[in-house]
Structures are given as C-alpha cells and as structure tokens.
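A.B. asks: this is the structure alone, sequence omitted:
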Ligand SMILES: [Fe+2]
C-alpha cells in the first residue's frame, strides 16, 4: 500500500543490531516487490527466515484449458462449485490468461495444517459469503461479507473461517494490484475525488509472534506448481515490521459510488488497477437524474478487453435470469448490452441495489474445464427477443 504502517517492536535504525532480552539477535528481512523499486517492508524475525529443513514433493495445479480461444459469451453458475474442506483444494480456476487467474472457492474448513504463499501473484480474495480472520506473517485482519482481501505476492498466510459456509471470488494477478493511479497524488495519497480513501483500508492490526522451532509446512505456489517446504521455525515469528508492503482489506460496502445526470461509464466504478486488468465495484446507488436518462447501460464494444462480471447481491438491472454467484463473460471483439426489456424497465427507476464485482482484462481469457462444468447453456443467445 502506498502508505506507511508498522507493528510490533523494531530497532531505532534499519540495518543495525536488534537483540532479544537474552542477548541473541533478531533477524532482519527486507521484503520487497518489483526488484528494489516497488513497495517494501523490513521484518524482524525471531529465527532466520531461511531455515529450510526439507523439500517435499511438488505437485501441478495448472489450470486445464477447455476453450483456448474464446469468442462466446458465457454465464457460469459459480455457486455450483462444490464446497471442499481444504482451502487450496477448494480453489477452482475458471477463467485464465497469462496475466491473471479468476478462481472460485468454497472452503469449509480453516487452514490449520499448513501455511500458504503465492510466489507469483498478488491475490485479491473477495468474500461473498463467510467471515473469519486472515492470518499473515505481518499481522491479522478480520474479514466478513463484502471484503476485498488484498494480499501482495509472497505473503505467507492462513485463512481462518468462522463456519463452513464460505464463498470466495479470487483473482490471482501476475502483476501488482494497486489503487487507481488517477485517484492518487504524487505522494500516493488518495485524492478527494476517489470513491474511497485510506480510512477505508484496514491494515493488519494483530501481530502474532510465535517464537517456535519445529516442523512447519509452507505450500508455495509458483509457475502452476505447489512446492512444499518444511521450515524449522514458525512462519509467523515476526516481532515487528515497518514499511509499505503489507496485506489490507477494503469492504465493497465502503465504496462510494460516483453518479451523474446521465449514465456514468464503468471507469467510475474502478476500485483497483494492474497493468493487465482492472477491478470495478458496482454498488447500490441512486440512478441518473436527467429527466429523460436511461439508467441501463448502453450496448458497448469493449473491443480490447474481456469483461467478467461476478454477481454478488441485489437486482441485476441489465440482465435477465441472473442469480447470486454467477459469472458472465463478455469477450472483447463483439458488442454486448442490456437484455431485451432491461433498458425499457430501467427508465424512471430511482435506484439500484445491485452489488457486483467486475474484472476487465486487456488480453483474452481462456475457459477451464471446470468453467465449462458450470456453464448455464445458451447465454450467448440471450439477447434474442422471444
Ligand atoms: Fe459490459
């Protein structure tokens, strides 16, 4: 995050001796991104963070592609993804390219047996159903319905759920995920016209420091493989840290929609950016107030991007037969728009209760085998009037 945060105990000067009460040293780690050019934090561990005891078998979790070159609109029933006990096994990639993986998950159990880190991607975990605690080596964040958990690559974490009913919409991003640049000043502060500000971003607050040695399994995802490392010290043994590189949470319910006299384009809903896709939040809001405005979106050709909409809650004004947990994909190259009757229905309406997350990718997405298993059928023909 482009602001400073610190937790726990840190020495007065970086790169100087820092000792425990018994006179032995803490171990400093620089945790940086984008070479030495991106955001970084300095961590102080009870033990060396490098103590690999064993490397177990690695296994392949690469998505299996069913449609390599897609030019068809699809609607996928996301809630048909099977609830699965294990967090990593529960993650089902549905739409992928070299820039990002869109993943659905319905884990029923907390992660207790192992720790996880994604060495390739920042992870955005949108909490559609469920609540709990994101535990990380930099501290913990409570989460509940509507939260985006933003986890920079390399963060070791565990997901702790309060119960079995969890539905997650996850995006793994191979390039860093940031707040939109146009909402930031040259110091990185979010500006007055931003739909949210730093006050809405929840940083890690509770730092767990486990000064423990033993056998600790960390599953590391890299290049489509899960590598299994046994470390000799607890991954959450940080006594203090400071810097700019840390996980945070942002609730979609804290996004302040930007509205206008006539229909506002999708960029007003933008929440996060990368150099390969954007994430937008469609939130309950008052409709356009020009007396003759058409609140439904116009037909549009996003010729250069594939559009993924994940429907979270409320009424989906521009679509017929859409339910919670559904994903629609509208590929670049052909126009799409409101369903028959939706434009007419929207005229004179005062507000919408829709809640949805959109991911627009600049490169085409491929559909996985698991995505086709969720396919609703003839969505691509759903604009024909019957
Ligand atoms: Fe669209």
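C.D. replies: Structure received. The model shown is predicted, which means the values in this text are computed figures rather than measured ones.

A.B. asks: just the element for residue 170, please.
C.D. replies: Taking DSSP states H and E as the criterion, residue 170 maps to strand 167-173.

A.B. asks: quick check: residue 81 touching residue 371?
C.D. replies: No - no contact is recorded between residue 81 and residue 371 when judged using Cβ atoms under 8 Å, the distance being 10.1 Å. Any C-beta I mention is one placed from the backbone N, CA and C, and that applies to glycine too.

A.B. asks: compare the two (neighbour count), which wins?
C.D. replies: residue 371 (28 against 22; other Cβ atoms under 10 Å).

A.B. asks: list the contacts of the more buried one.
C.D. replies: 66, 67, 74, 76, 94, 95 (Cβ atoms under 8 Å, 6 or more residues apart in numbering).

A.B. asks: so the first one, which of the three states?
C.D. replies: Using DSSP: H, G, I helix; E, B strand; the rest coil, the secondary structure recorded for residue 66 is strand.

A.B. asks: in the sheet, who's paired with residue 278?
C.D. replies: In this structure, residue 278 bridges to residue 273, residue 360 when assessed by DSSP bridges.

A.B. asks: mind starting the numbering at 28 from now?
C.D. replies: Renumbered: residue one is now 28, and that last one reads residue 305.

A.B. asks: can I assume it is in contact with residue 386?
C.D. replies: Yes - at 7.5 Å, residue 305 counts as touching residue 386 under the criterion of Cβ under 8 Å.

A.B. asks: re earlier: wait, which of the contacts of residue 398 is closest to residue 379?
C.D. replies: The nearest member of these to residue 379, counting by Cβ to Cβ, is residue 103 at 22.6 Å.

A.B. asks: helix, strand or coil: sort out that closest one for me.
C.D. replies: Secondary structure state of residue 103, per three-state DSSP, is strand.

A.B. asks: can you report how many residues neighbour it?
C.D. replies: Close neighbours of residue 103, defined as other Cβ under 10 Å, add up to 27.

A.B. asks: repeat for residue 75
C.D. replies: The criterion is other Cβ under 10 Å. On that basis, residue 75 has 13 neighbouring residues.

A.B. asks: now swap in residue 298 and tell me
C.D. replies: The tally of other residues near residue 298 (other Cβ under 10 Å) stands at 23.

A.B. asks: who are the contact partners of it?
C.D. replies: Residues in contact with residue 298 (Cβ under 8 Å, 6+ apart) are 175, 207, 222, 223, 277, 279, 282, 306, 307, 308.

A.B. asks: residue 111 too?
C.D. replies: Taking Cβ under 8 Å, 6+ apart as the definition, contacts of residue 111 comprise 117, 132, 133, 134, 135.

A.B. asks: and for residue 356?
C.D. replies: Taking Cβ under 8 Å, 6+ apart, we find residue 356 in contact with 97, 100, 101, 103, 122, 333, 334, 335, 392, 394.

A.B. asks: which pLDDT value belongs to residue 328?
C.D. replies: On pLDDT, residue 328 comes in at 88.

A.B. asks: err, residue 92, not the other one
C.D. replies: Confidence at residue 92, expressed as pLDDT, is 98.

A.B. asks: surely it and residue 395 touch.
C.D. replies: Yes - look at residue 92 against residue 395 with Cβ under 8 Å: they come within range, at 6.1 Å.

A.B. asks: ok, the two, which is more surrounded?
C.D. replies: Legend: neighbour count by other Cβ under 10 Å for residue 92 and residue 395, higher for residue 395 (23 against 15).

A.B. asks: tell me which element the nearest residue to the more buried one once chain neighbours are set aside falls in.
C.D. replies: Leaving out its chain neighbours, the residue that sits closest to residue 395 by Cβ to Cβ, 6 or more residues apart in numbering is residue 90, at 4.7 Å. Assigned by DSSP H and E, residue 90 falls within no helix or strand.

A.B. asks: report the contact partners of residue 90.
C.D. replies: Applying Cβ under 8 Å, 6+ apart, we find residue 90 in contact with 120, 123, 128, 251, 393, 395.

A.B. asks: what's around the fifth one, how many residues?
C.D. replies: I take that to be residue 393. A total of 20 residues lie near residue 393 under the criterion other Cβ under 10 Å.

A.B. asks: and what of the fourth one?
C.D. replies: By the measure other Cβ under 10 Å, the count of residues near residue 251 is 12.

A.B. asks: hang on, the earlier thing: what's the separation between the residue nearest to residue 395 and residue 334?
C.D. replies: Going from residue 90 to residue 334 by Cβ to Cβ, to the nearest Å gives 20 Å.

A.B. asks: just name the closest of the contacts of residue 90 to residue 213, please.
C.D. replies: Out of these, the one with the shortest distance to residue 213 is residue 128. That distance is 32.5 Å, counting by Cβ to Cβ.

A.B. asks: would residue 372 count as being in a helix?
C.D. replies: Yes - Residue 372 sits within a helix when classified using three-state DSSP.

A.B. asks: residue 115 against residue 144, yeah?
C.D. replies: No - with contact taken as Cβ under 8 Å, residue 115 and residue 144 are classed as non-touching, separated by 11.2 Å.

A.B. asks: which one of these two has more residues nearby?
C.D. replies: In this view residue 115 and residue 144 are compared by other Cβ under 10 Å, and residue 144 has more residues nearby, 21 against 16.

A.B. asks: can you tell me how far the more buried one sits from residue 252?
C.D. replies: Distance, residue 144 to residue 252, using Cβ to Cβ: 13 Å.

A.B. asks: for residue 121, same thing?
C.D. replies: From residue 121 across to residue 252, the span is 20 Å (Cβ to Cβ).

A.B. asks: which of the two has more residues huddled nearby?
C.D. replies: It is residue 121, of residue 121 and residue 252, that has more neighbours when counted by other Cβ under 10 Å, with 27 against 14.
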